[in-house]
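Participant: when you get a sec, could you give me coordinates for this:
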Amino acid sequence: MEDIPIEKIIRSHRRTIALEVTPAATLVVRAPIRASYTNIEEIIRQKSSWILRKLDDMKRRPLSPCHEYAEGELFFYLGRVYPLHFVDDENAIIERSDRLYVSRILLLDIRNHLKRWYMEEARKEIQARCMWFSMKTGHVPATIRITDARHRWGSCTHKGGLNFSWRLIQAPPDIIDYVVVHELVHISQPDHSKKFWAKVQKILPDYVCRKKWLRENERLLKI
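Facilitator: Numbers count the residues shown, from 1 in each chain. So this is what the prediction gives:
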């Protein structure tokens, strides 16, 4: 068996051992507190073919952009790319039209300024999509929050509050809709059972294609 390195082992009060291949093409193991390393190695050995396929798949996917925040560099917004363009404006603006216009006075902390701009844009867009699909699903979220989550596009609390990563605003609208519907359905169906996916499919018959796109292109949605 090919040696498969473990990036990290996360122990908790869970009952079973779970394997996760991350977008960075590393293996993360989630295990019960008392699970022995021998047991973990045995599970990895049993699942080695699946792990290697997943690792190879992750390595073939688009690489995360390494932004230098230079003139003309491309940034995603709702699935489209916009060249970064600096302007001499004392009003500290960030505006989007044919390009992403940024005032030069924001240069010293441009990443954080862009992040805050993206978060505000995500708040407006995702709240609007949530309200639209609330009417279609019959589920109304208790709260809608935009977060800095890096590894989860969305989540649903036990009280029916929905959280969405601001990074989602970079994805095409139909991908945002998939994540919104996914979390709205979780309000009534907290698991990922067949019943859950049937409810998602009733609203988005092509959800499998949207889910696949997000899985294969998630590395692009980073700044």
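Participant: can you pull out the strands in this protein?
Facilitator: 8-12, 18-21, 27-32, 74-77, 80-87, 94-96, 100-103, 144-147, 154-156, 162-165 (DSSP state E).
Participant: which residues sit in contact with the most centrally placed residue in the chain?
Facilitator: Among the residues of the chain, W153 comes closest to the average C-alpha position under CA atoms, centre = their mean, at 3.2 Å. Counting by CB atoms under 8 Å, 6 or more residues apart in numbering, W153 makes contact with F164, S165, R167, L168, V179, L214, E218. C-beta here means a position set from N, CA and C on the backbone, and glycine is covered the same way.
Participant: can you count the residues close to A122?
Facilitator: Applying other CB atoms under 10 Å, we find 20 residues neighbouring A122.
Participant: tell me who's in contact with the closest residue in space to it that isn't next to it in sequence.
Facilitator: Distance criterion CB to CB, 6 or more residues apart in numbering; nearest residue to A122, sequence neighbours excluded, is I169 at 3.8 Å. Contacts here follow CB under 8 Å, 6+ apart; on that basis I169 touches Y77, L78, Y118, E121, A122, E125, I126, I176.
Participant: ok, now with 6 Å
Facilitator: Y118, E121, A122, E125 (CB atoms under 6 Å, 6 or more residues apart in numbering).
Participant: number of nearby residues for M119?
Facilitator: The burial count for M119: 16, using other CB under 10 Å.
Participant: ok, the closest residue to it other than its chain neighbours - contacts?
Facilitator: Excluding the flanking residues, the one nearest M119 by CB to CB, 6+ apart is W166, at 4.3 Å. Shown in contact with W166 (CB under 6 Å, 6+ apart): Y118, M119, A122, I146.
Participant: before we move on, back to that, kindly provide the distance from the residue nearest to the centre of the chain to P23.
Facilitator: Using CB to CB, to the nearest Å, W153 is found at 12 Å from P23.
Participant: kindly report the same for D174.
Facilitator: D174 is 21 Å from P23, where distance means CB to CB.
Participant: which parts of the lowest-mean-pLDDT helix or strand in the chain are buried?
Facilitator: For the chain, the helix or strand with the lowest mean confidence is helix 48-60, at a mean of 85 (criterion: mean pLDDT, DSSP states H and E). Buried positions in helix 48-60, judged by neighbour count with 16 or more other CB atoms under 10 Å: I51, K54, L55, M58.
Participant: Y69: how many residues sit nearby?
Facilitator: Using other CB under 10 Å, Y69 has 16 neighbouring residues.
Participant: can you tell me the closest non-neighbouring residue to it?
Facilitator: Nearest one to Y69, counting by CB to CB, 6+ apart, is I110 at 4.8 Å.
Participant: same deal with L107?
Facilitator: Once flanking residues are discounted, L107 sits nearest to F86: 7.2 Å by CB to CB, 6+ apart.
Participant: now swap in Q170 and tell me
Facilitator: The shortest distance from Q170 to any non-neighbouring residue, by CB to CB, 6+ apart, is to F76 (3.8 Å).
Participant: okay, now the domains of the protein?
Facilitator: What automatic domain parsing lists as the domains of the chain is 8-60, 74-220.
Participant: which among the ones you listed is found nearest to C66?
Facilitator: Closest approach to C66 among the domains of the chain (CB to CB): domain 74-220, 11.0 Å.
Participant: average model confidence for that closest one?
Facilitator: Averaging pLDDT along domain 74-220 gives 94.
Participant: quick one: end-to-end distance for that domain.
Facilitator: End-to-end distance for domain 74-220, by CA to CA, to the nearest Å: 11 Å.
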